[in-house]
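Enquirer: sequence plus the predicted model coming up.
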Amino acid sequence: MDELVVVISMVGATLRVATPLILAALGGLYAERSGVVDIGLEGKMLGAAFAAAAVAAVSGSALVGLAAAIAVSVALALIHAYASVTHNGNQVVSGMAINIMVAGLAPTLGVAWFHQGGQTPMLKDDARFAPIALPFSRELADVPLLGPLYAEVISGHNLLVYLAVAAVPATAWVVFCTRFGLRLRAVGENPHAVDTAGVSVVWLRYRAMILCGVLCGIAGAYLSTAHSAAFVRDMTAGKGYLALAALIFGKWMPWPTFLACLLFAFTDALQVRLQGVDLFLVGVVPVQFIQAIPYLLTVLLLAGFVGKAAAPRASAIPFVKDR
Amino acid sequence: MSAASPTALPRWVDVVALPAVNLLAAFLLSGLVVVAIGEDPFQAMGLLVTGAFGNAESIGYTLYYATNFIFTGLAVAIAFHAGLFNIGGEGQAYIGGLGVGLVCLWLGDLPAVLVVPLAILTGAAFGAAWAAVPAYLQAYRGSHIVITTIMFNFIAASVMTYLMVNVLIRPSQQSPESREFATAATLPRLHEIADAVGLEITASPLNLAFLWALICAALFHVFLWRTRWGYEIRAVGANETAAIYAGISPARIIILAMAISGALAGFVALNELMGVHHRIILNFTGGYGFVGIAVALIGRNRPLGICLAALLFGALYQGGSELSFDMPNVTRELVVVIQGLVILFCGALENLFRGRIAAYFQRPATAGAVS
Amino acid sequence: MSEARNQSTAPAVELVGIDKWFGAVHANRAVSLSIASGSIHGIIGENGAGKSTLMSILYGYYRADAGEIRIAGKPVEIKDSHAALAHGIGMVHQHFMLVDPFTVLENITLGVEGGFLLAPGAAKARAALERLQRDYKLDVDLDARVGELPVGSQQRVEILKALYRGAQVLILDEPTGVLTPQEADHLFRILRALRDEGKTVILITHKLREILDVTDRVTVMRQGAVVAERRTADTSKEELAELMVGRKVLLRVDKKPAKPGDVVLAVDRLTVTDANGVRRVKEASFVVRSGEIVGIAGVSGNGQSELLAALSGIRRPSAGTIRLKGREISATHALDPAAMRRIGLAHVPEDRQRMGLVTAFAINESAILGYQGDPRYNGSVLMDRDKIVDLCGRQMSDYDVRPSDPRLRTAALSGGNQQKVVLAREFDRDPDLLLVGQPTRGVDIGAIEFIHRRLIAMRDAGKAVLLVSVELDEILSLSDRILVMFDGRIVGEVNPEEATERRLGLMMAGIAEQAA
């Protein structure tokens, strides 16, 4: 029974760590499927996390904070689109610029506005996204196996976790079942085919970037107003890059990307669990090794040693209309 | 990576005027940020300049920061010349530091004339090796080097944390740092050298690594423009088809350019570990690898330009930290904002003003070309 | 017959006085053309005759500088491909505009999905497409992935795409370039079916056989202008070949008879495959001796580029052997371009900007491309830049390159002067074999003469020269022997004394030697 409790709490923890990864990776999915490489997921998330916490602190409302987070993240996504789609700029340089700019801007504004060394004020509970207890979770808690499962894994998360999980089928549906999705996939593979079919390449890519901004915005808001109760410096700590790795590991497909996010988040939960534990035959596994697993896996995948990941073919290539 | 310029502009416009305009745009926006946090941008500018150049100590600090940026700027630039984008400078510097540190810890008893060159070589070798893996994967397995170098930054951080916490940590010490290097394994600071010849200079972390950075910049120039290997690197970066026609193997060049890039990044450790900290510490790279991108972009990938851009960023870093003392609302991160804006305008949005400036120069240019 | 049936109605497409300039190039000169509804109309001409430009104007890719387009008698403005589609004009591009990982159905409905959700639109589209497929014999599996289909099927997808969008006029740009003869026959059956159902087909090609096989009328273009229009039934391949190639004044070059010596290059059943696995050179065999110029005539795209790539070491042969000065090169014993140069090969590539020069480099740097390791200016570590600049300066004055400053950027030179830099570099190394591709493409008249004299001088100095050119004049005036290349094969050898442009033109168009 003890093991079961451990496993269940680890699954719950995994889901909580995975939430921002899922949201950001799905955001990246829209961008990259449209042929725009976005290494700026990190910056968008960080900017959104700051905006959410700052606005929630001032307004006292988590939802207003969420709106601000989305607005900031979309604005950053539009800067990326303006540089890389309108002006055919280098997409990697642009993403990098956004990451660095936000990494400076968030603490700069934080210090100036809140005078707490770059942090935002601690949010009161009603300015945060509170856990939602699903019906009967308490009543069923005593039912063996299913009870704890329901209470710990399915119930008791905040709105944004459910939103992240719902975003996976929603994205799959949009990408594979709608007109927009068809065009989105086409423009990332061969923008000339889309152009000769009479569809605007630029507008498609802008819409993809806006969706990316919205999802990264939610991811950021989750970090500062749901998972934590304030913004702290470098809050994203590489999660944007990890989401990018998950997207690649998921081969730019919604469900595999979701699973990759869970896998990467699980390594995080595992590392807490395995700290100093002597495993049979293996000995003590260094925490740092477990931390590096997602990155190692991604490199191995890119090198073609673990399956094969082929990016959308028009990735990072500016669309220049000539023959 | 470096797209051929769509319109040929007079050289001075390309090399001086355009970067200046882009830089100006970045600084204007930075000024707006200063306004947004409720300070006077002109006063901030003044404080920043005095903070960076006001006295011997501040100049020393400025040059000390610039040393790091010369190394990382050159590292990014040589990859750029081969048509590659190396975002992994941070990780390469970190692993390079491991090489430098190991030599200094184990061989610190040797005389300085042996330890210092050995440390330079080992740091270069470690940095180069760390960059060569993504390069190999790009050259022979087609793995996108931008993503793999990002991943290698994180892997480097994990490796170093593990080593610092478990292996290199000084016994009976809580914070993860190594024991101190022997004196022979440190680089003398400028004021110490001045002291030895009887001059008095205010103490600052500026050390001999600065000289090595300048030497590297000069060697960079010689290598790229005066040797056949440099020629081959530039040929692959500018026109891969022509390079293949010329019998140059792009795969080999990718690995060569990245190895040199990694070696240059590894030299950050000379300045930081041998020059200042005198031990291996966690996170000594402090984002300098990323600043290299901005430095290379403004410096147009040329050594002289990179040195000047490194000086600019050195001044921003030093002036920025002084500024944060004088203006309560300003933090050191303001410099990071400026850095991001510079990368945005000088890199991603470099075409923003090009069209307009080109239109201005087009008429007289075409009239003159027909002869 | 079908043409007669439709003669009463207004022409499907009329182009009136179309003019188009690209910089200094006059791509279309006052082109007027009328295409009858319900006919297959061929437009034939050499590469660069302006046919593709004309069709791109009709499809809205380019705007004409002057002239008018009329569709079914009414003047229209076509500002982009969207507008062209709206006027019932569809185009099958030479390079297909398809999304490889998509299914056929997805490719066809892209842009006309028929609603926010894909599924209902797709069901309707499937029904409509099955009807189209039956009507026009356009058999292709709608659920197959396009990237996995052979090119012939991909082309049918493009045709279906146009028809599904309601195209009444279908433009096909060099549609058989990528097809096997069987696939081409299949295509022609489809085109006839389209015509018989009242569609109008415009076929752009440089292949005479296709024109005669499938068209009702044919327009011949040369140097941007229409030079003739014929009823296909009233013309012959001989007449068309003559009209297409034209009777340009030959630039005769004074030259003494060749004194061929030993065999320098011997090619034996050489086969070269491109990156997509398509065989581009098929079992070519020939020799080149010292002191002779062997010209390879052919319409561009018939394997000449791949032949040069294999001979110069850029591309590994897939079968057969190349023997250069006794050294054998084959699929298993390939040499890279640097090794080939060391044996004694020099190569003037067909495309100087893409391959022959680094335009971002200074001229003196471009002048050592391929010879960057030459000990003349390489020390153990450093290059002697002064020596390179001196060498380049000497070459530039020898070859009369202007402006003559070796430190300028290569891009600052005109096309002719860039070409002289390449020639000087390659000729200056005292090679035994010279591969020369399109030496005068985009070069002004004065430079052409100069370059021709230099080539003859190299021959007279005892070099073996292999010349590839799509300019017949050039081949005829320079070569001591002429090989004709068609569809990857050497289809014949001609003595230039006995060769006429007409005879060569027929061979280049794939009409057997005996037929001429």
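Expert: Sure, I can see it.

Enquirer: for the rest of this, base every contact and every neighbour count on C-alpha atoms.
Expert: OK.

Enquirer: quick check: mean pLDDT of the host helix or strand of residue C:201?
Expert: Element membership for residue C:201, per DSSP states H and E: strand C:200-205. Mean per-residue pLDDT for strand C:200-205: 93.

Enquirer: for chain C, what's the longest helix?
Expert: The longest helix of chain C (DSSP state H) is helix C:118-136.

Enquirer: so which bits of that helix are buried?
Expert: Neighbour counts over helix C:118-136 (16 or more other CA atoms under 10 Å in any protein chain shown) mark C:118, C:119, C:121, C:122, C:125, C:126, C:129, C:132, C:133, C:136 as buried.

Enquirer: which strands or helices does it pack on?
Expert: helix C:104-109, helix C:151-164, helix C:181-196 (3 or more CA pairs under 8 Å, 6 or more residues apart in numbering or on different chains; DSSP states H and E).

Enquirer: for the first one, which residues meet the burial criterion?
Expert: Going by neighbour count (16+ other CA under 10 Å), the buried part of helix C:104-109 is C:104, C:105, C:106, C:107, C:108, C:109.

Enquirer: please identify which of the residues you listed is nearest to residue C:330.
Expert: Residue C:330 lies nearest to residue C:104 out of these, by CA to CA, at 39.9 Å.

Enquirer: hang on, isn't residue C:211 packed against residue C:220?
Expert: No: assessed by CA atoms under 8 Å, residue C:211 is found out of contact with residue C:220, at 10.6 Å.

Enquirer: any common contacting residues for those two?
Expert: Listed as contacting both residue C:211 and residue C:220 by CA atoms under 8 Å, 6 or more residues apart in numbering or on different chains are residue C:44.

Enquirer: and residue C:332, how many residues sit next to it?
Expert: Applying other CA atoms under 10 Å in any protein chain shown, we find 11 residues neighbouring residue C:332.

Enquirer: can you classify it by secondary structure?
Expert: At residue C:332 the chain is in coil, as set by DSSP: H, G, I helix; E, B strand; the rest coil.

Enquirer: number of residues surrounding the residue lying closest to residue B:141 once chain neighbours are set aside?
Expert: Nearest non-adjacent residue to residue B:141, counting by CA to CA, 6 or more residues apart in numbering or on different chains: residue A:303, 5.5 Å away. Neighbour count of residue A:303, defined by other CA under 10 Å: 22.

Enquirer: touching, residue A:303 and residue B:136? I think so.
Expert: No: checked against CA under 8 Å, the pair residue A:303 and residue B:136 is beyond contact range at 9.6 Å.

Enquirer: give me the pLDDT for the residue most central in space within chain B.
Expert: With distances taken as CA atoms, centre = their mean, the residue of chain B nearest its centroid is residue B:72 (2.0 Å). Looking at residue B:72, its pLDDT stands at 97.

Enquirer: cool, and residue C:348?
Expert: pLDDT at residue C:348 comes out at 96.

Enquirer: beta partners of it?
Expert: Beta-bridge partners for residue C:348, by DSSP bridges, are residue C:436.

Enquirer: please name the residues that touch it.
Expert: With CA under 8 Å, 6+ apart, residue C:348 has these contacts: C:356, C:422, C:423, C:426, C:434, C:435, C:436, C:437, C:439.

Enquirer: what does residue A:16 give?
Expert: Per CA under 8 Å, 6+ apart, neighbours of residue A:16: A:157, A:161, A:227.

Enquirer: just the buried positions in the longest helix seen in chain A, please.
Expert: Criterion DSSP H: the longest helix present in chain A is helix A:2-33. For helix A:2-33, the buried set under the neighbour-count rule, 16+ other CA under 10 Å, comprises A:8-33.

Enquirer: how far does that helix sit from its chain's centre?
Expert: Offset of helix A:2-33 from its chain centre (CA atoms, centre = their mean, to the nearest Å): 9 Å.
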